[in-house]
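Trainee: got a structure for you, letters missing:
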């Protein structure tokens, strides 16, 4: 008689992380949606001081999610701890630090460069799809800048005493009084928020981010036929593991060999940084950074060949299903999500 399969033992800390995220999930989904809108997906016609407090609160909630589900590469991308520190300072009257943070987060507006790229795509490359995509990105950047101006206008229009009162009331509403912030910062140092990689955490992250990704992909510019690059599904079935031995492996890692989409090197670097967090890597020894960049380019090339449309979603899938990442490296094919 075949013995029944045993259920894998889940570490207690992983259980605690999943339970904590379960309690946070609704707040996280609302916070991420608000952050996306603030970053240009929506144009706010007004942005009171309470919404600036909410923006800092939302960034803190998003970082809590990353820490609970052990998203290591970008675990400080939201600067959640610093947002709590800013809320504490703001309640004590330090408005300048908050203005500096808002300006650093939101004032990224290369309109000259993107306008030049639109003209080049439309009239030199004759690629209307890329031109429309760039125009959509320019609109997002414009909304981002407008939202920053709305936030600053609300902050600057109030005298300091009334501004402090509104900030304190909003902080109390979102659970960030001075005493609460002290406790929240202390809790951030507990094992619950440490990096503990586990497949259950990766799968939970993949499920919730894929669900939220649907909301992003309903935008008009993301509809089928509107994207700048159309990816064809593979027509050849994947082969077995390790079927081919690659001769001259290192030369194949070079950008000239590893660029099926014919992107410029700067575009490849942008994809490696945004999708694979390349610039966040702290490795600076000898040729290692160059080799890592070449490996990242190889991964993106293999994903393009396999028909991956959403790299971030595919990377979350790899976190949860290591065998698919191995299949991509060994055969050039994998299950596409």
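Mentor: Sure thing, it's come through. These numbers were taken from a predicted model, which means no experiment stands behind them. Numbers count the residues shown, from 1 in each chain.

Trainee: Report the distance from the top helix by length along the chain to the chain centre.
Mentor: Ranked by residue count, the top helix of the chain under DSSP state H comes out as helix 128-156. Between the centre of helix 128-156 and the centre of its chain there are 18 Å (Cα atoms, centre = their mean, to the nearest Å).

Trainee: Can you name the element that comes right after that helix?
Mentor: Sequence-wise, the next helix or strand downstream of helix 128-156 (DSSP states H and E) is helix 160-173.

Trainee: Report the angle between that following helix and helix 128-156.
Mentor: On the basis of axes from the mean of the first three to the mean of the last three Cα atoms, to 10 degrees, helix 160-173 is oriented at 120 degrees to helix 128-156.

Trainee: Show me this protein divided up by domain.
Mentor: Following automatic domain parsing, one finds the domains of the chain at 12-202, 232-331.

Trainee: Nearest to residue 212, out of those domains?
Mentor: Closest of the domains of the chain to residue 212 is domain 12-202, at 6.2 Å (criterion: Cβ to Cβ). In this view, the C-beta of every residue, glycine as well, is placed from N, C-alpha and C.

Trainee: what about the protein, any weak spots by pLDDT?
Mentor: 1-8, 73-75, 214-286, 337 (pLDDT under 70).

Trainee: And the helices in it?
Mentor: 12-36, 49-68, 80-91, 95-106, 111-119, 128-156, 160-173, 178-187, 199-216, 249-252, 265-276, 288-306, 311-320, 322-331.

Trainee: among those, which is the most enclosed?
Mentor: helix 49-68 (a mean of 23; mean count of other Cβ atoms under 10 Å).

Trainee: other SSEs contacting it?
Mentor: Applying 3 or more Cβ pairs under 8 Å, 6 or more residues apart in numbering; DSSP states H and E, one finds that helix 49-68 contacts helix 12-36, helix 80-91, helix 95-106, helix 128-156, helix 160-173.

Trainee: and the ones you listed as TSV, adding distance to residue 201?
Mentor: Putting those into TSV (distance: least, Cβ to Cβ, whole Å) gives the following:
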stretch	distance to residue 201
helix 12-36	6
helix 80-91	18
helix 95-106	27
helix 128-156	31
helix 160-173	30
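
Trainee: closest to residue 324 out of these?
Mentor: Of all the helices and strands packed on helix 49-68, helix 12-36 sits nearest to residue 324, with 21.4 Å by Cβ to Cβ.
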